[in-house]
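[1] Just to be clear, the model below is a prediction. Sequence and coordinates:
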Amino acid sequence: MGLLYGLIAVGLALIFGLMDVVNFAHGEFLMLAMYVTFFLFTFFAIDPLLSAPLAAAALFVLGAVVYLVIVRFAMRAKANVGMVQIFATFGLAIVMRGLAQLFFTADYRSVPNSWLGGKTVSVAGIFLPQPQLFGALVAIAAFGGLYLFINRTDFGRALEATREDPGAVALVGIDKNRVFALGWGLGAALVGLAGAIMASFFYIYPDVGASFALIAYVTVALGGFGSVFGAFAGGIIVGLVEATTALVLPPSLKSVGIYAVYLLVVFVRPRGLFGSM
Amino acid sequence: MDKSFTERRRRELLVAASLTVVAALVPLFIKNPNVQNIMILTLMFGALSQSWNILSGYCGQISLGHALYFGLGAYTTTLLFTKFGVPPWFGMLAGGAISALIAMALGYPCFRLGGHYFAIATIVIAEIGLLLIQNWEWAGAALGIEMPVRGDSWLKFQFARSKLPYFYFALALACIAWFVTWLLEDSKWGYWWRAVKDNPDAAQSLGVVVFDSKMGAAAVSAFLVAIGGSFYAMYVSYIDPGSVMGFQFSLLMALPAVLGGIGTLWGPLLGAIILIPLTELTRSYIGGSGRGVDLIVYGTLIVVIALARPEGLIGLFSRRKGATR
């Protein structure tokens, strides 16, 4: 379960953690990806496993468009940029929820009988649900890929340089908007993957994103801004803490443990575990 | 320079006084309860946003967890009244005092955090409060708690037949929040806060006690928001954790100030006057279908205003004033 939070958080780690742009519509991106998967399954009988790349592609486009249409202007604001970003993306989140209610209705949907859903695999006598296991593998792959991408490719360096000083990168011929639009697309595509995998074992409804988004924020901040590895570690810690809390406290309080650990960590280390910003 | 400054301060006070008188007369002519309800909510959100603005606007510590103090005010008042029969007036002060104390206790570790880490900490703390109340059987848990109706009375602040007393209380609330901001704006504290917001390190080196000023702002802000929460509990006479303490509410409280003009004296009220009627009208005219159209309209509105007027709608006024001068 921890890696699943990690998987949701990895896209946010890129957008929020590395590009330092607040995205309050992250949960709604996830919700949309789940619906994409649901409809592909219902109408074309495409299993969530196969539609994951399609959901990722769809979200890539959405992310890039959202950046070009909204976020680009929110970042240009002269006064209180942070608040403008918060509320521009918060407004977007509300619109997306409204659209989901309008077109998909508020009914709870689910993807029944997918290849992975409801099956378990036995590892050394411990039964693990397949979808979660698969999600964990994808999460590890996604984090590894993102880590290499950011640290080993020109694009990754361009992204970090653009955050540091957009004016200077323009001088060396990097188009800020292109880099950030691609970054947003990529971040959204990663959420797309998460959504497709989660659709096979979670109910899908317009407000589904909200609860996951908050935990994704905590995960990224716990690991520290600017660190891909931090977000990965954050995801694992969040999962472990949640499982431990569930043993001690009633299930409805299981998130309290996660929040408490976040507070403890930042009180001791104000930049998160591995943060550089 | 100095003289024109005092003059401007005095003029602001005059404008506020005349606006109050006008506002006080309005409900005598407009008797439609729906309209009165909107006016009450507008004043309440204006007051809440003004209080939020003290910590987040003037002092620059963006709190996205102020629903905690709103909920504390609402719950303290309701629980004291229903369980112990304490009149809401005392519950209100108790709620304010508790909130201010908790704000300082939380501020002690939190104010060392910067930027996003601070904002996320405020969200997380409010969320812990929400979860605890949701699981607290004695306080009604997730279902919430209802104020028993015991007949019209000023002592118990209950009026079944008329909304007027609520209206005047909300108006008083908005006036108090505005006046406190007005007073603080030109006080030692007000200058400290702005210095802390602009450059905490420089402020510190010039002898501003950064930590104490943040604590002061947090206490004043939380106290006023809690009073608003008490009022809300008495007005709707039913509260549940999700609606008074949810994360959504923290954002709704900040929204008028951001749209009107963050860190300005008139911004929060202006924002509330524009935003709340629009919210209520879209909800009642196109929200009935339950199909989300009201959310689409409302969300689009927020995006458009945030992008078009990042410094707040108050900017429209000051520019016009500058042009005529």
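    Now that the structure is in, tell me what you want to look at.
[2] hey, let's count contacts and neighbours off CA atoms from now on
    Noted.
[3] quick one, strands of the chain?
    All of this is about chain A. Taking DSSP state E as the criterion, chain A carries its strands at A:120-123, A:126-129.
[4] You answered for a different chain; I wanted chain B.
    B:145-146, B:238-239.
[5] how near is B:Leu173 to A:Asp154?
    Distance of B:Leu173 to A:Asp154, given as CA to CA, to the nearest Å: 56 Å.
[6] Those two: who's more crowded?
    B:Leu173 (23 against 10; other CA atoms under 10 Å in any protein chain shown).
[7] Settle this for me: the more buried one is touching B:Phe45, isn't it.
    No - contact status for B:Leu173 versus B:Phe45: not in contact, 10.0 Å apart, counting by CA atoms under 8 Å.
[8] The residue nearest in space to the middle of chain B: what's it in contact with?
    Here the mean C-alpha position of chain B is nearest to the C-alpha of B:Leu48 (CA atoms, centre = their mean), at a distance of 0.9 Å. Contacts for B:Leu48 were tallied using CA atoms under 8 Å, 6 or more residues apart in numbering or on different chains; they are B:177, B:224-225, B:228, B:253.
[9] Try it again at 6 Å.
    B:Leu48 sits next to B:Val225 when contact means CA atoms under 6 Å, 6 or more residues apart in numbering or on different chains.
[10] Residue numbers of chain A in contact with chain B?
    Applying CA under 6 Å from any CA of the partner chain, we find that chain A lies next to chain B at A:74, A:77, A:79, A:84, A:88, A:91, A:94-95, A:98, A:101-102, A:256, A:259, A:270.
[11] Closest to B:Arg11 out of these?
    A:Ala79 (26.3 Å; CA to CA).
[12] picking that back up, who wins for proximity to B:Gly263 among the strands of chain B?
    Per CA to CA, nearest to B:Gly263 of the strands of chain B: strand B:238-239, 30.2 Å.
[13] For chain B, what is the nearest residue in the stretch 101-250 of chain A?
    Taking CA to the nearest CA, chain B has its nearest neighbour within the stretch 101-250 of chain A at A:Leu102, 4.7 Å off.
[14] Wait, that residue touches B:Gly292, no?
    Yes - A:Leu102 is within contact range of B:Gly292, at 5.4 Å (criterion: CA atoms under 6 Å).
[15] What ranges does the stretch 151-277 of chain A have for its helices?
    Using DSSP state H, counting those that start in this stretch, the helices of the stretch 151-277 of chain A run over A:154-164, A:166-171, A:176-199, A:208-223, A:228-248, A:254-268.
[16] ranking the ones you listed by burial, who's on top?
    helix A:176-199 (a mean of 26; mean count of other CA atoms under 10 Å in any protein chain shown).
[17] Tell me how far it lies from the chain's centre.
    Helix A:176-199 sits 8 Å away from the centroid of its parent chain (CA atoms, centre = their mean, to the nearest Å).
[18] How about stretch B:85-104?
    Counting by CA atoms, centre = their mean, stretch B:85-104 is centred 16 Å from the centre of its parent chain.
[19] ditto for stretch B:225-240
    Relative to the mean C-alpha coordinate of its chain, stretch B:225-240 is positioned 12 Å out (CA atoms, centre = their mean).
[20] remind me which residues of the chain are low pLDDT?
    All of this is about chain A. Within chain A, the segments meeting pLDDT under 70 span A:1-2, A:77-80, A:112-131, A:276-277.
[21] um, chain B though
    Applying pLDDT under 70 to chain B picks out residues B:1-3, B:149-161, B:286-291, B:318-325.
[22] could you pull out the helices for the stretch 1-150 of chain B?
    Using DSSP H, counting those that start in this stretch, helices in the stretch 1-150 of chain B cover B:2-29, B:33-53, B:67-84, B:88-110, B:115-134.
[23] Give me the contact list for the last one.
    Read it as helix B:115-134. Residues outside helix B:115-134 that contact it (CA under 6 Å, 6+ apart): A:256, A:259, B:62-65, B:68, B:141-142, B:245.
[24] what's the angle between that helix and helix B:88-110?
    140 degrees (axes from the mean of the first three to the mean of the last three CA atoms, to 10 degrees).
[25] Which residue comes closest to B:Ser250 once chain neighbours are left out?
    Spatially, and ignoring its direct neighbours in sequence, B:Ser250 is nearest to B:Ala67 (4.7 Å; CA to CA, 6 or more residues apart in numbering or on different chains).
[26] how long is stretch B:50-66 from one end to the other?
    With CA to CA, one end of stretch B:50-66 sits 12 Å from the other.
[27] Stretch B:256-275 now?
    7 Å.
[28] That stretch close to chain A?
    No - using CA under 6 Å from any CA, stretch B:256-275 stays clear of chain A, with a minimum separation of 7.1 Å.
[29] Buried residues in that stretch, which are they?
    B:256-273, B:275 (16 or more other CA atoms under 10 Å in any protein chain shown).
[30] Inside helices: which ones of the residues you listed?
    B:256-260, B:267-273, B:275 (DSSP state H).
[31] among these, which two are most distant?
    So, those by CA to CA: farthest apart are B:Val258 and B:Ile273, at 13.0 Å.
[32] Could you report the neighbour count for the residue of the stretch 101-250 of chain A closest to chain B?
    Neighbour tally, A:Leu102, other CA under 10 Å: 18.
[33] picking that back up, which one among the contacts of helix B:115-134 gets closest to B:Met92?
    Comparing the contacts of helix B:115-134 against B:Met92 with CA to CA places B:Leu68 closest, at 15.0 Å.
[34] Tell me how far that closest one lies from chain A.
    B:Leu68 sits 15 Å away from chain A, going by CA to the nearest CA, to the nearest Å.
[35] What sits closest to that residue if chain neighbours are left out?
    Nearest to B:Leu68 is B:Ala126, by CA to CA, 6+ apart, at 4.9 Å.
[36] Same check on B:Tyr238?
    Closest residue to B:Tyr238 apart from its sequence neighbours, by CA to CA, 6+ apart: B:Glu146 at 4.3 Å.
[37] Same check on A:Phe73?
    That would be B:Leu307: by CA to CA, 6+ apart, it lies 6.4 Å from A:Phe73.
[38] what's the answer for A:Met83, then?
    Closest to A:Met83 by CA to CA, 6+ apart is B:Val258, at 7.1 Å.
[39] And for B:Ala177?
    Nearest residue to B:Ala177 in three dimensions, chain neighbours excluded: B:Ala47, at 5.5 Å (CA to CA, 6+ apart).
[40] Any chance you could list what contacts stretch A:256-273?
    Contacts of stretch A:256-273 (CA under 6 Å, 6+ apart): A:222-224, A:238, A:241, A:245, B:113, B:124, B:128.
[41] and if we set it to 7 Å?
    With CA atoms under 7 Å, 6 or more residues apart in numbering or on different chains as the test, stretch A:256-273 has contacts from A:218, A:221-224, A:230, A:238, A:241-242, A:245, A:277, B:109, B:113, B:121, B:124, B:128.
[42] interface residues of chain B facing chain A?
    B:109, B:113, B:117, B:121, B:124, B:128, B:131, B:291-293, B:295-296, B:299-300, B:302-303, B:306-307, B:310-311 (CA under 7 Å from any CA of the partner chain).
[43] Kindly recompute the last result at 8 Å.
    Residues of chain B lying near chain A by CA under 8 Å from any CA of the partner chain: B:109-110, B:112-114, B:116-117, B:120-121, B:124-125, B:128, B:131-132, B:135, B:255, B:258, B:291-304, B:306-307, B:310-311.
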